[in-house]
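K.L.:
Using only what follows, build the 3D model:
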Amino acid sequence: MLLNQCPHQLDLWQWLFGMPAAVQAWCRMGRFHDIEVEDDVTALLQYADGTTGVFITTTGEAPGTNRLEVAADRGKVVVENGRIAFTRNDTPTSEFSRATTAMFAAPPVWHVDIPVSGAAPQHAGILQNFADAILDEKPLLAPAEEGIRSVELANAMLYSSATDRRIDLPLDADAYRAWLNERMAGSRFKGTA
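P.N.:
Here you go, the predicted model:
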């Protein structure tokens, strides 16, 4: 699922937030489908500065959710159902928390729905950009070196789950390859030529 259904979400994650320093993940193999790969993932991503994030995905939830929520000191942004909502703290959370004496208090906020219009070209736009790069030497929007980061995130999540431990990044490629070779050797799938 991470490499088939979610690579664009992982691309977006690392593009917005950068690569984490470590990943701890729980991937359920074949939880909802008779498959030998993950179909349910929860991952905690830790950054060198102490920031954390949670990535959750599954193919077993209906009707499903596609949501990006970013909470920070000045408020939060939620992208969901074609809408962008911004909730702004009047006072940064860190400043408010240091100053208040009330338990469970929160700073006053105001809300803004950010207008979204038009349609993004998505895959067709990337393919057009690729053709333009070849034909007209225009810069690539998504160069190949960008894609490897989402693959590393997916691999780190799988390896973390398999070893039941936190995985520091960059991923130890030799250890991951050895684990992957063990998985392939033990696979029950028998393809036909």
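K.L.:
Where do the helices of the protein begin and end?
P.N.:
Along the chain, counting by DSSP state H, helices occupy 7-17, 93-99, 122-136, 144-163, 173-185.
K.L.:
which parts of the fourth one are buried?
P.N.:
Spelled out, it's helix 144-163. Of the residues in helix 144-163, 149-150, 152-162 count as buried by neighbour count, 16 or more other Cβ atoms under 10 Å. Bear in mind the C-beta positions are built from the backbone N, C-alpha and C, glycine included.
K.L.:
Quick one: mean pLDDT over it.
P.N.:
Mean pLDDT, helix 144-163: 92.
K.L.:
Take that helix, keep the C-alpha atoms, and write them as CSV.
P.N.:
C-alpha atoms of helix 144-163 as CSV (Å, rounded to 0.1, in the frame of the first residue of the first chain):
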residue,chain,number,x,y,z
ALA,A,144,13.9,11.7,-9.9
GLU,A,145,16.0,12.4,-6.8
GLU,A,146,12.8,13.7,-5.1
GLY,A,147,11.0,10.4,-5.5
ILE,A,148,13.6,8.4,-3.6
ARG,A,149,12.7,10.1,-0.4
SER,A,150,9.2,8.7,-0.3
VAL,A,151,10.5,5.3,-1.1
GLU,A,152,12.9,5.6,1.8
LEU,A,153,10.0,6.6,4.1
ALA,A,154,7.9,3.6,3.0
ASN,A,155,10.9,1.2,3.4
ALA,A,156,11.6,2.6,6.9
MET,A,157,8.0,2.2,7.9
LEU,A,158,8.0,-1.4,6.8
TYR,A,159,11.3,-2.2,8.3
SER,A,160,10.3,-0.6,11.6
SER,A,161,7.2,-2.6,11.8
ALA,A,162,9.0,-5.8,11.0
THR,A,163,11.7,-5.3,13.6
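K.L.:
now this protein, which segments are flagged as low pLDDT?
P.N.:
191-193 (pLDDT under 70).
K.L.:
So what does the residue at the greatest distance from the centre of it look like in phi/psi?
P.N.:
Distance from the C-alpha centroid of the chain peaks at Thr101, with 36.3 Å (Cα atoms, centre = their mean). With angles defined as degrees, to the nearest 10, Thr101 sits at phi -110, psi -10.
K.L.:
related to what we said a few turns ago, tabulate the helices of the chain in TSV, adding columns for distance to Ala43.
P.N.:
Shown next, in TSV, are the helices of the chain (distance: least, Cβ to Cβ, whole Å):
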stretch	distance to Ala43
helix 7-17	10
helix 93-99	24
helix 122-136	25
helix 144-163	5
helix 173-185	15
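K.L.:
Gly64: which of the ones you listed is closest?
P.N.:
The minimum distance between Gly64 and those falls on helix 7-17, with 12.7 Å, by Cβ to Cβ.
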